[in-house]
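K.L.:
Sequence below, structure please.
(chains A, B and C)
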Amino acid sequence: MYTVAQIAKFLHGQFKGDGAEQISQLAPLASGQLGAITFCAQPKFLNQLAESRASVVLVTEANCHLVKNTAIIVEDPYLAFAKISQWFDWRLPVVAGVCQSANIAESASIAESSQICSGVVIGEQVVIEKGCYIGANTVIGDLCVIAANCRLEANVSLYQDVHLGENCIVHAGAVLGADGFGFVKRAEGWQKIYQLGGVRIGSDVEIGASTTIDRGALEHTVIGDGVKLDNQVQIAHNVHLGDFTAIAGGTAIAGSTHIGENCTIGGLSGVTGHLKIAAGTHITAMSLVSRSVKQAGVYSSGTAMEEHHSWKRNVVRFRSLDQMVKRIKRLEDEVQKLSSQEQ
Amino acid sequence: MYTVAQIAKFLHGQFKGDGAEQISQLAPLASGQLGAITFCAQPKFLNQLAESRASVVLVTEANCHLVKNTAIIVEDPYLAFAKISQWFDWRLPVVAGVCQSANIAESASIAESSQICSGVVIGEQVVIEKGCYIGANTVIGDLCVIAANCRLEANVSLYQDVHLGENCIVHAGAVLGADGFGFVKRAEGWQKIYQLGGVRIGSDVEIGASTTIDRGALEHTVIGDGVKLDNQVQIAHNVHLGDFTAIAGGTAIAGSTHIGENCTIGGLSGVTGHLKIAAGTHITAMSLVSRSVKQAGVYSSGTAMEEHHSWKRNVVRFRSLDQMVKRIKRLEDEVQKLSSQEQ
Amino acid sequence: MYTVAQIAKFLHGQFKGDGAEQISQLAPLASGQLGAITFCAQPKFLNQLAESRASVVLVTEANCHLVKNTAIIVEDPYLAFAKISQWFDWRLPVVAGVCQSANIAESASIAESSQICSGVVIGEQVVIEKGCYIGANTVIGDLCVIAANCRLEANVSLYQDVHLGENCIVHAGAVLGADGFGFVKRAEGWQKIYQLGGVRIGSDVEIGASTTIDRGALEHTVIGDGVKLDNQVQIAHNVHLGDFTAIAGGTAIAGSTHIGENCTIGGLSGVTGHLKIAAGTHITAMSLVSRSVKQAGVYSSGTAMEEHHSWKRNVVRFRSLDQMVKRIKRLEDEVQKLSSQEQ
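P.N.:
Below is the predicted model:
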C-alpha cells in the first residue's frame, strides 16, 4: 500500500486530489477499481477516462481535466506507469543467505547480501556480487561472474566462464554458455571444434525463459548493455548484440553476426551468420535476414496470410515467377512491335 | 497383461474370438505380433488386416470379417486405440509421499496422496491437490495451485501465482509464469514494465517440453480446458487460448492475442499481438498470422519448397511483383488499344 | 601448455621452426599473439599470414612459405585446427565419483569411472557406462542406458527408456523422451494417445541446449550415429534421422518423418510429418519442407528480405499471383491473335 503522494513524489509528478489516498494495485484503465492506479497515454483511450473507476490515473497535464478521480500529472504517463509497476511487483526483497541444500564450491565467492536458493549448484572460483538472487536448482559453472543485483530464476544453466553485468534478469530454463554449433564436415563425419570462448553480458540485460546464448568459438559471444531477449531466443557463438537491442520470442541469430545498437527484431525471425546489421534496424516478425543491413530502416520477408485454397494456387504460381517475368517481357516486345507496325 | 474380454469391456466393444487371450502390448497394424493389440481405422490399411500377426485388432463391425485373429468391434477404432493406450503406459502409478531431498515451504499444503520427487522445491502457500506427481528437480513458486491428478515432469519451473486445473500434464523443462516481454522504449533505454498478472490454466491441458507461458502484465494469461501445446511453444503475456485449441511445436503467440476454441495451429507459426482468432480456425505450419481472423477456416502464408537455384530466381522476382502487376496493366491497356484499332 | 612438436605429432604434421616452443591457446589468424596457434585454410586469408603474430600456424605445404613464425604443415589445416581444439578445451577431465547430493535408485548401475554431479536424480535400472559425466541437477528416468564417455550437461531431462550411444554430448536444458504430440480429436475434445515407444540415439551425437526429442508412439524415435543437433531443435515422435545429419537451431521435424544420412537443415526450418527426405539433401534456413524429397540437392522456400514498404506492396500482389498468370495468358492469346491478324 502506497499513498498517492508517495507515488507522485517518486514519479516527479503532481497530484490533483487526495494525496493520502491508499493505492494497492495497478490496473488497466477500463477495469481499474477502488485502490487501483492506472494510466492514459494514447489519445484513443481518452474517452475511457470518464468511465474509469480507478482511484488514480497517471496523465499528462493536457488531459488532466478529463480525470474524475485523483490524477497524477506526469510528462510521460506510460513511462511513469512502467516505473511505478516495480512497487507492486510480486517478487519479494532478496533475503541474504545460502539455502542449506545449495552446493557451493569452496573457492566461490558469494556476497553476504545475496540469496542462494535450494538446490543451487555453484562451481569453482565463481564470483557472485551483492544483492543477487539465484533461483532454485540453478547451476552456475566454474569461473562465472555475476555482478551486483542480478536475478537468476529457477533451473537456469550457466556453463563455465559466463559474465553477467549488474541488474540482469535471467529467466527460468535459460542456458548461457553452451557450445556453439561448430563442426568440420569431412568424409568420416563431423569433427567437433571445441568452443573455447566465453559469454560476456552487459548490465541491465533481461534474458527470457529457455533462451540460449552460446559461448564463442575462440573469442567471446557479446551481449551489450540494456539488451532485452524474449523467451526461446537462440544466440549462436560469437554473435555481438549492440546496446539496447531487443529480440522477440523464437528468433535465432546465427554465428558471428553483429547486430548494432537499438535494433528490434520481431518474433520467429532468423538472421544468418557472419552478417552486420546497422544500428537502428527493425526487422518485422518471421523475417529471414540473409544479407547485411547497411542502412537503418524497417525490413521484412515472407508473405501474408490468406485463405488456404487461394494461397495454394498462388504458391504454385510463385514457382513460375521467373518465367512470368520472361512472359511479360516477351509480351512487351511483341506489343511494342505491333504498336510500331500500327503506326 | 490384460485379457481380450477386459479390454472389450472397457471399450464398450464386442469381441469375436478368445476372450481369455492375454494382451501385453500395443503395436502398429503391420508389425504387431503375438500378444499385441492393434487397430484399423482407415480404408487404405484394410488390406494389411489379412497379413497382420497381431493377436487382436480393433475394427468396426463392417470390417470385422477381414480380421483373421481375434477382433474387438468398436464404433471408432482409432479412438478406442487411444483410450486403451493408457493401459500400456510406462508411467508408474503415483506413489504417495514426499522425497526426503525435496524442499517444501511450511505454509505449502500438499495432499497426502501426491508424490513429490527428489530435489523438488515448493514455495510458500502452494496448494497441491490429491493424486499429483511432481517430477524431480521441478520448482514451484509461491502461491501456485496444482489441482488434482496433475503430472509435472522433471525440471519444470513454475513462477509465483500459476494455477493448473485438474488432470494437466506439464512436460520437462516447461516454464510457466515468467515475465511477459513488456518494456517502454525511451531515449535512456528500455524501462521494464513489471508483470503483475498470473497464469490460469484449465483442466486436461497438456504442455510440451520447454514450452513457455508468460504471466500477464496486469491481468492473467489464460489457457482454456483441454488445450494441447506441443514442445517449444511460446505463449506471451495476456494471451487467451480457447478450450480444446491445439498448437504444434515451435509456434509463438504474441501478447494479448485471443484465440478461440477448437483452433489448430501448425508448427513454427507465428501469431502477432492483440489479434482475435475465431473459434474453429486452422493455421497451417509455418504461417504468420498478422491480422485477426473473423471467419473460421484454414489459413496459410509462406511459399512452397523448390530446388534452390530456381527458388533464388523466383525470390528475386518477388521483389518486383508490384512492378510486374503494373507492367501487366500497361500491356492490357496497350493490347486493348491495339484491338480496338484493329476492329 | 603443449610444445609445437607435441601438436605436430598428434596432427601427423611436420613443423618448420622451433619444436620446443610452448603453445598455450588457440586464436584466430588476425588476433593471434605469442603462445597462440592458429590456422589458414582459405585462399582469401592468405594475405593475413604475413601479419599474423601467432606463434604457430597450421598450413598446407603449398602455403608454408608465407608463414613468418613457426608452421605446422598438414594436409587439411581446418580439420587439424578442429582436432587440436580439444586440447585447449575448458572442460576438466571426468572425476570418478558420485556427489553426495545425487539421488540414485538402488537398481541403477553406474560405472565407477563416471562422474555424477550435485543434485542429479537417476531412476530404476538405469545403466551408465564408463567415463560419463552427468551434470548438476540432471534427471535420468528409469531404464535409460548411457553408453561410455557420454557428457550430459546441467539440467538435462531424460524420460524413461532413452538410450544414448557412446561419446554423446547433451547440452543443458535438453529434454529427451517427452511424450510425442499424439491426440485423437473427437467432439468431446482431444483423447491422448499414450506414447509407448522410447528414444534410441546413436554414438557421437551432439544435442544442443533446450533441444527436445520426443519418444515414439509405439516404436522408437531414432537418431543415427554422428548426428549434430543445434539448440532449440524439436524432433517429434517416430522421426528417424540418418547418420551424420546436422540440423541448425530452432528447426522442427514433425512426426514420423525419415531424414536420410548426411543431410543438413538450416535454422528455423520446418519439415512436416510422414515425409521421406533423401540422403544428402540440404535445406536452407527458414524453409518449410512439406513434401518428400526423392533426389538429393539443395532446397529452399520463403522470400528474401527487403525494405518494409516495398515488401508490403509485393506481399499484396502475391495474393493475386494466380490471377496475374491468368492475365498474362489472356494477353498472350490476344497478342497472338493480333499478330496473326497483322500478317
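K.L.:
pLDDT weak spots in chain A?
P.N.:
A:343 (pLDDT under 70).
K.L.:
what about 80?
P.N.:
Applying pLDDT under 80 to chain A flags residues A:342-343.
K.L.:
Domain map for it?
P.N.:
A:2-88, A:156-299 (automatic domain parsing).
K.L.:
Endpoints of the shortest one, how far apart?
P.N.:
Domain A:2-88 stretches 9 Å from its first residue to its last (CA to CA, to the nearest Å).
K.L.:
Would you mind saying which of the domains of chain A lies nearest chain C?
P.N.:
Relative to chain C, the nearest member of the domains of chain A by CB to the nearest CB is domain A:156-299, separated by 3.6 Å. Using the backbone N, CA and C atoms, a C-beta is placed for each residue, glycine as well.
K.L.:
do the closest one and chain B meet?
P.N.:
Yes: using CB under 8 Å from any CB of the partner chain, we find that domain A:156-299 touches chain B at A:169, A:171-173, A:204, A:206, A:208-210, A:225-226, A:228, A:230-232, A:243-244, A:246, A:248-250, A:266-268, A:285-286.
K.L.:
what's the span of that domain, first residue to last?
P.N.:
33 Å.
K.L.:
How far off centre is the lengthiest helix in chain A?
P.N.:
If you go by DSSP state H, chain A has its longest helix at helix A:321-342. Averaging C-alpha positions (CA atoms, centre = their mean, to the nearest Å) puts helix A:321-342 50 Å from its chain's average.
K.L.:
Buried ones in that helix, by neighbour count?
P.N.:
A:Leu321, A:Asp322, A:Gln323, A:Met324, A:Val325, A:Arg327, A:Ile328, A:Leu331, A:Glu332, A:Glu334, A:Val335, A:Leu338 (16 or more other CB atoms under 10 Å in any protein chain shown).
K.L.:
Rebuild these as CSV, extending it with distance to chain B.
P.N.:
Formatted as CSV, the buried residues of helix A:321-342 follow (distance: CB to the nearest CB, whole Å):
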residue, distance to chain B
A:Leu321, 4
A:Asp322, 4
A:Gln323, 9
A:Met324, 7
A:Val325, 5
A:Arg327, 10
A:Ile328, 5
A:Leu331, 5
A:Glu332, 6
A:Glu334, 9
A:Val335, 5
A:Leu338, 6
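K.L.:
and those residues as a markdown table, adding distance to C:Lys185?
P.N.:
Output for the buried residues of helix A:321-342, formatted as a markdown table (distance: CB to CB, whole Å):
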| residue | distance to C:Lys185 |
| --- | --- |
| A:Leu321 | 37 |
| A:Asp322 | 41 |
| A:Gln323 | 41 |
| A:Met324 | 40 |
| A:Val325 | 44 |
| A:Arg327 | 44 |
| A:Ile328 | 46 |
| A:Leu331 | 49 |
| A:Glu332 | 52 |
| A:Glu334 | 54 |
| A:Val335 | 54 |
| A:Leu338 | 58 |
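K.L.:
between those, which is nearest C:Ile104?
P.N.:
Taking CB to CB as the measure, C:Ile104 lies nearest A:Leu321 of the buried residues of helix A:321-342, at 60.5 Å.
K.L.:
Settle this for me: that closest one is touching B:Phe318, isn't it.
P.N.:
Yes: using CB atoms under 8 Å, A:Leu321 is in contact with B:Phe318, at 6.3 Å.
K.L.:
And the helices in chain A?
P.N.:
Under DSSP H, chain A gives helices at A:4-10, A:46-49, A:77-85, A:308-318, A:321-342.
K.L.:
A:Gly267: neighbouring residues, count only.
P.N.:
A:Gly267: 27 surrounding residues under other CB atoms under 10 Å in any protein chain shown.
K.L.:
separation between it and B:Ser301?
P.N.:
With the distance defined as CB to CB, to the nearest Å, A:Gly267 ends up 14 Å from B:Ser301.
K.L.:
again with A:His240
P.N.:
From A:His240 to B:Ser301 the distance is 31 Å (CB to CB).
K.L.:
Could you identify which of the domains of chain A is most buried?
P.N.:
Of all the domains of chain A, domain A:156-299 has the most neighbours on average by mean count of other CB atoms under 10 Å in any protein chain shown, namely a mean of 23.
K.L.:
List the contacts of A:Ala252.
P.N.:
A:Val233, A:Gln234, A:Ala236, A:Ser269, A:Gly270, A:Val271, C:Gln232, C:Ala248, C:Gly249, C:Gly250, C:Gly267, C:Leu268 (CB atoms under 8 Å, 6 or more residues apart in numbering or on different chains).
K.L.:
Mind doing that once more with 6 Å?
P.N.:
Going by CB atoms under 6 Å, 6 or more residues apart in numbering or on different chains, A:Ala252 touches A:Gln234, A:Gly270, C:Gly249, C:Gly250, C:Gly267, C:Leu268.
K.L.:
List the contacts of the last one.
P.N.:
Meaning C:Leu268. Contacts of C:Leu268 by CB under 6 Å, 6+ apart are A:Ala252, A:Gly270, C:Gly250, C:Met286.
K.L.:
redo that, cut-off 10 Å
P.N.:
Counting by CB atoms under 10 Å, 6 or more residues apart in numbering or on different chains, C:Leu268 touches A:234, A:250-252, A:254, A:268-271, A:286, A:288, B:250, B:268, B:286, C:232, C:248-252, C:285-287, C:302.
K.L.:
With the first one instead?
P.N.:
The contact partners of A:Gln234, by CB under 10 Å, 6+ apart, come to A:175, A:181, A:210-214, A:247, A:250-254, A:270, C:208-210, C:230-233, C:248-250, C:267-268.
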